[in-house]
Each structure stands twice: as C-alpha cells, then as structure tokens.
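**Q** Below are the sequence and a predicted model; questions follow.
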Amino acid sequence: MKLQLMLAVFSLLVASCTANAQQSMNYNDSPMNYQNSEMNYDNSPMNYKNSPMNYENSSMNYNATNGVYDNRGNRIGYEVQAPSGVTNIYSNDGKRMGYVPAPQR
C-alpha cells in the first residue's frame, strides 16, 4: 500500500513537471525565436526607434506615453512595439530588459 502511494505521488509529480516544461518551451514565446530575439534589428537597442536617444523614449520627455514605472511611480524604462507585434522593454539607458511576445493569430 505504501509503495503504491509513493508511486502515485511520484507519477503526479512527474506529470506536473512535464506539463510545466511543455508550457515553458513554447517556441512562439521563446527568445530562441528570431521574432523575439535581440539579434532581430527590430528588437535591438541599436535601432533608433528603440534607442533612448530617440526623444519619444527619453526619460526627459515628460509627455512620453511609453514609460515603464515601478510600484513607487519611478520611471525605470520604456517600451517600444516592433512591427512584428513584439513589445520590447528597455531600461532608461537603453538596455533591453525583456519582451512580451506578439499575440498569436
């Protein structure tokens, strides 16, 4: 009886780990997908559209609508959407901190 219970718990644990692994390995969301990659010029801080040198992204632009703020209301960066639909999140100094994959069609 004890062995059966241990096997049941083990199989549930393996099944839940497998489900989580499959969920996190979605290629559409992966940074290995070129659409999401920083190697894609549309996502690169080297692209002027994404640069902090672009006044639209500048922390000095008080009318900017793409600012990213922490819970205290301090601006920590900005976001820019690429033509592919990927939303890139940059720090105030232009380092890419993350992205939100394009919505699936």
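**A** Received, thanks.
**Q** From residue 75, how far out is residue 31?
**A** 25 Å (C-beta to C-beta, to the nearest Å). Using the backbone N, CA and C atoms, a C-beta is placed for each residue, glycine as well.
**Q** right, and residue 94 touches residue 50 too?
**A** Yes - with contact defined as C-beta atoms under 8 Å, residue 94 reaches residue 50; the gap is 7.5 Å.
**Q** quick one: residue 25 from residue 32, how far?
**A** Counting by C-beta to C-beta, the gap from residue 25 to residue 32 is 10 Å.
**Q** Please name the residues that touch residue 40.
**A** By C-beta atoms under 8 Å, 6 or more residues apart in numbering, the contact list for residue 40 reads 34, 82, 84.
**Q** Doesn't residue 77 belong to a helix?
**A** No - using DSSP: H, G, I helix; E, B strand; the rest coil, the assignment for residue 77 is strand, not a helix.
**Q** re earlier: in PyMOL, how would I select the buried members of the contacts of residue 40?
**A** Listed next is the PyMOL selection for buried residues among the contacts of residue 40, using 16 or more other C-beta atoms under 10 Å:
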select buried, resi 82
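**Q** Could you single out the nearest of the contacts of residue 40 to residue 100?
**A** residue 82 (10.5 Å; C-beta to C-beta).
**Q** Give me the local confidence score for the closest one.
**A** Looking at residue 82, its pLDDT is 96.
**Q** That one and residue 72: what is the separation?
**A** For residue 82 relative to residue 72 (C-beta to C-beta), the value is 29 Å.
**Q** same question, residue 92
**A** Distance from residue 92 to residue 72, by C-beta to C-beta: 15 Å.
**Q** Return the set of buried residues in stretch 47-58.
**A** For stretch 47-58, by 16+ other C-beta under 10 Å, it's 50-52, 57.
**Q** from the chain's centre, how far out does that stretch sit?
**A** Relative to its parent chain, stretch 47-58 has a centroid offset of 19 Å by C-alpha atoms, centre = their mean, to the nearest Å.
**Q** distance between the ends of that stretch?
**A** 14 Å (C-alpha to C-alpha, to the nearest Å).
**Q** hmm, who's touching that stretch?
**A** Against stretch 47-58 from outside (C-beta under 8 Å, 6+ apart): 41, 43-45, 59, 61, 64, 66, 78, 80, 88, 90, 92-94, 96.
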